[in-house]
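Visitor: Dropping the sequence and predicted coords here.
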Amino acid sequence: MNRFKQYASVQLLETKKTSKALLKVLYWALGILVIVVLLPWTQTISSAGNVTALSPNNRPQTINAIIGGRIEKWYVQEGQFVHKGDTIVYLSETKSEYMDPNLIVRTEEQMKSKENSAGSYMNKVQALDGQIDALIDSRMYKLQQAENKVRQGKLKVVSDSMDYRALEKQLDIAMKQYTRTEELNNQGLKSTVDLENKRLKVQEMEAKVVSAENKLLTTRNELINAKTELSSISADYQDKISKSESEKSSALSGLYEVEATVTKMQNDIANYSIRAGYYYVTAPQDGYISQALKNGVGETVKEGSPLVSIVPSLSDFAVEMFVEPIDLPLMHVGNKVRVQFDGWPAIVFSGWPNVSYGTYGGKVVAIDNFIGENGKYRVLVAPDPKDHKWPKALRMGVAVKSMTLLKDVPIWYELWRKINGFPPNYYTPKKPAGKSDKK
């Protein structure tokens with residue numbers, strides 16, 4: 001170093017004394033820098049979104065044509081305020097099956113004819129029921145008569161059988177008397193007249209036995225005929241009853257078909273009446289007509305086609321913001337959010353939200369569990385009741401920038417995190433005192 005002293009510039013630097021004022025400035029700057037890097041800094045998640053309504057009922061909606069038709073007349077203009085039930089547009093019918101102006105009246109007449117037909121079927125069923133009851137009663141009486149006849153036939157067979165056996169016994173006795181008389185006649189103890197009388201009596205008894213046998217056989221045949229008649233009566237009446245029941249089933253089938261037709265016609269009449277009410281498209285709630293999606297008169301619209309869009313007049317404003325998937329674990333229901341609306345001037349300090357100007361407070365009320373088409377998750381923010389009220393002049397769809405407030409950290413830590421590209425600290429928000437998961 002001594003060898004450089006021969007130069008005048010080196011000698012001048014060695015002899016130059018540092019100013020005390022500069023040192024003080026440097027010391028103060030260093031102290032302020034140390035203080036600044038130790039100050040608290042609120043970590044935030046910045047996101048963009050737009051104004052919507054907290055309740056789905058109060059969000060902008062499209063009024064669709066419930067039925068297909070032809071636009072005949074408009075009753076509103078864009079930007080006009082309408083009340084619930086006010087007529088927006090009138091549609092005329094385009095389907096041929098509904099064009100008859102007396103469609104409901106004619107359908108009602110057809111239904112009355114079918115109802116009368118149903119009454120005729122019912123009368124027929126009742127008549128057949130009476131006929132079946134009469135046949136059942138008649139069968140019972142006829143069967144009783146036939147059973148009595150069979151019983152009488154059985155008793156007559158028993159009686160004739162007993163007569164036949166008695167005559168057979170008398171014939172046997174007559175034969176024995178004839179044999180003894182014949183022996184006595186041969187011995188000369190009985191006359192020939194007595195023998196001929198005995199022979200005549202035997203012949204008479206043989207004739208009586210044959211007659212009794214014929215009578216018994218006739219009685220047995222009558223019994224068989226009575227039994228056959230009994231079976232015939234049962235089968236005949238069963239056939240008649242079955243035929244009447246078949247006719248009754250046919251009448252009931254026709255009755256049920258007519259009743260089904262009447263029910264369908266009642267349904268058709270109700271549908272026609274309801275459809276006629278859909279020709280006039282009305283406002284579902286109070287609001288402003290924002291845009292007519294169909295233009296002019298005479299344009300044909302399909303069923304479900306959008307006609308106009310309406311913005312409800314009563315809106316519980318909220319903000320839907322979209323966050324990156326990497327930031328989703330840091331979001332919790334109840335998180336504080338600072339909101340900046342487009343059109344409202346604001347001065348924003350992301351790390352010190354309390355000194356920001358023109359921002360409004362909000363709280364996270366809902367977080368979607370599925371990712372949206374834009375590759376982000378939707379988070380719904382409602383106004384914070386403990387903060388300033390949101391502007392009354394807000395409108396649906398206004399663009400929004402939001403900052404979700406996270407954990408407080410020193411500035412030096414936040415600078416270090418930013419330099420290294422780390423995400424904000426993961427944390428779990430503290431629960432209010434007095435609340436516990438334990439039950």
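Guide: That came through fine. As the structure is a prediction and not an experimental result, all values here were calculated from the model.

Visitor: Who are the contact partners of G375?
Guide: Counting by C-beta atoms under 8 Å, 6 or more residues apart in numbering, G375 touches P325. C-beta: built from backbone N, CA, C; applies to glycine.

Visitor: Help me confirm that it is found in a helix?
Guide: No - assignment of G375 by DSSP: H, G, I helix; E, B strand; the rest coil gives coil, placing it outside any helix.

Visitor: so how far is A118 from it?
Guide: G375 sits at a distance of 64 Å from A118 (criterion: C-beta to C-beta, to the nearest Å).

Visitor: Contacts only, for the residue nearest the centre of the chain.
Guide: Nearest residue to the geometric centre of the chain (C-alpha atoms, centre = their mean): N267, 18.3 Å. Listed by C-beta under 8 Å, 6+ apart, N267 has no contact partners.

Visitor: before we move on, which element is it in?
Guide: Per DSSP states H and E, N267 falls inside helix 192-277.

Visitor: just how off-centre is that helix within its chain?
Guide: On the basis of C-alpha atoms, centre = their mean, to the nearest Å, helix 192-277 sits 54 Å off its chain's mean C-alpha point.

Visitor: Point out where the stretch 251-400 of the chain drops to low pLDDT.
Guide: 346-358 (pLDDT under 70).

Visitor: Could you list the residues in contact with stretch 204-211?
Guide: Y164, L167, E168, Q170, L171, A174.

Visitor: Filter these down to just the ones in helices.
Guide: Y164, L167, E168, Q170, L171, A174 (DSSP state H).

Visitor: What are the boundaries of the strands in the protein?
Guide: Applying DSSP state E to the chain gives strands spanning 40-53, 61-64, 69-74, 81-82, 87-92, 280-282, 287-292, 300-301, 306-312, 317-323, 336-341, 360-367, 377-383, 399-410.

Visitor: Neighbouring strands of the fourth one in the sheet, and parallel or not?
Guide: According to DSSP bridges, the neighbouring strands of strand 81-82, each with its direction, are strand 287-292 (antiparallel).

Visitor: How about the longest one?
Guide: Strand 40-53 has the following sheet partners, assigned by DSSP bridges: strand 317-323 (antiparallel), strand 399-410 (antiparallel).

Visitor: among these, which is the most enclosed?
Guide: Across the strands paired with strand 40-53, averaging neighbours per residue (mean count of other C-beta atoms under 10 Å) puts strand 317-323 on top, at a mean of 22.

Visitor: quick one: that strand to strand 336-341, angle?
Guide: Interaxial angle, strand 317-323 versus strand 336-341 (axes from the mean of the first three to the mean of the last three C-alpha atoms, to 10 degrees): 100 degrees.

Visitor: got the angle for strand 317-323 vs strand 360-367?
Guide: Using the same axes, to 10 degrees: strand 317-323 against strand 360-367 is 70 degrees.

Visitor: And for strand 317-323, what's in contact with it?
Guide: For strand 317-323, the surrounding residues in contact (C-beta under 8 Å, 6+ apart) are 45, 47-54, 331, 337, 339, 362, 365, 372, 374, 376-383, 390, 394, 400, 402, 404.

Visitor: do the same with stretch 148-155
Guide: Contact with stretch 148-155 is made by T219, E222, L223, A226, K227, E229, L230, as judged by C-beta under 8 Å, 6+ apart.

Visitor: Please tell me how far the first one sits from N271.
Guide: The reference is to T219. 77 Å.

Visitor: okay, the two: which has more neighbours?
Guide: Legend: neighbour count by other C-beta atoms under 10 Å for T219 and N271, higher for T219 (20 against 12).

Visitor: ok, that one touching M162?
Guide: No - taking C-beta atoms under 8 Å as the definition, T219 is not a contact partner of M162, at 11.5 Å.

Visitor: Using the record, which stretches count as separate domains in the chain?
Guide: 38-54+316-420, 61-93+279-311, 103-277 (automatic domain parsing).

Visitor: F317 versus V398, what's the distance?
Guide: In this view, V398 and F317 are 9 Å apart by C-beta to C-beta.

Visitor: List the residues that are in contact with both of those two.
Guide: The contact sets of V398 and F317 overlap at V51 (C-beta under 8 Å, 6+ apart).

Visitor: got the CA positions of stretch 377-391 in PDB?
Guide: Extracted in PDB, the C-alpha atoms of stretch 377-391 (Å, rounded to 0.1, in the frame of the first residue of the first chain):
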ATOM      1  CA  TYR A 377     -62.300 -22.600  -7.800                       C
ATOM      2  CA  ARG A 378     -65.300 -20.300  -7.100                       C
ATOM      3  CA  VAL A 379     -65.500 -18.600  -3.700                       C
ATOM      4  CA  LEU A 380     -68.600 -16.600  -2.600                       C
ATOM      5  CA  VAL A 381     -68.100 -13.500  -0.400                       C
ATOM      6  CA  ALA A 382     -70.900 -11.700   1.400                       C
ATOM      7  CA  PRO A 383     -70.700  -8.300   3.000                       C
ATOM      8  CA  ASP A 384     -69.200  -8.100   6.400                       C
ATOM      9  CA  PRO A 385     -71.900  -6.700   8.800                       C
ATOM     10  CA  LYS A 386     -69.200  -5.200  11.000                       C
ATOM     11  CA  ASP A 387     -67.700  -3.200   8.200                       C
ATOM     12  CA  HIS A 388     -68.900  -0.300   6.000                       C
ATOM     13  CA  LYS A 389     -71.900  -1.100   3.900                       C
ATOM     14  CA  TRP A 390     -71.300  -1.800   0.200                       C
ATOM     15  CA  PRO A 391     -72.300   0.900  -2.300                       C
END
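
Visitor: neighbouring contacts of it?
Guide: Here stretch 377-391 makes contact (C-beta under 8 Å, 6+ apart) with 47, 52, 54, 316-323, 325, 328, 331, 336-337, 339, 341, 344, 360-368, 370-372, 402, 404.

Visitor: same thing but at 6 Å, please
Guide: For stretch 377-391, contacts defined as C-beta atoms under 6 Å, 6 or more residues apart in numbering pick out 54, 317-323, 328, 331, 337, 360-368, 371-372.

Visitor: Check stretch 99-112 too.
Guide: Residues contacting stretch 99-112 (C-beta under 6 Å, 6+ apart): E93, V262, M265, D268, I269, Y272.

Visitor: rerun at 7 Å
Guide: Here stretch 99-112 makes contact (C-beta atoms under 7 Å, 6 or more residues apart in numbering) with E93, V262, M265, Q266, D268, I269, Y272, S273.

Visitor: what's the answer for stretch 188-195, then?
Guide: With contact meaning C-beta under 7 Å, 6+ apart, stretch 188-195 is reached by T181, E182, L184, N185.
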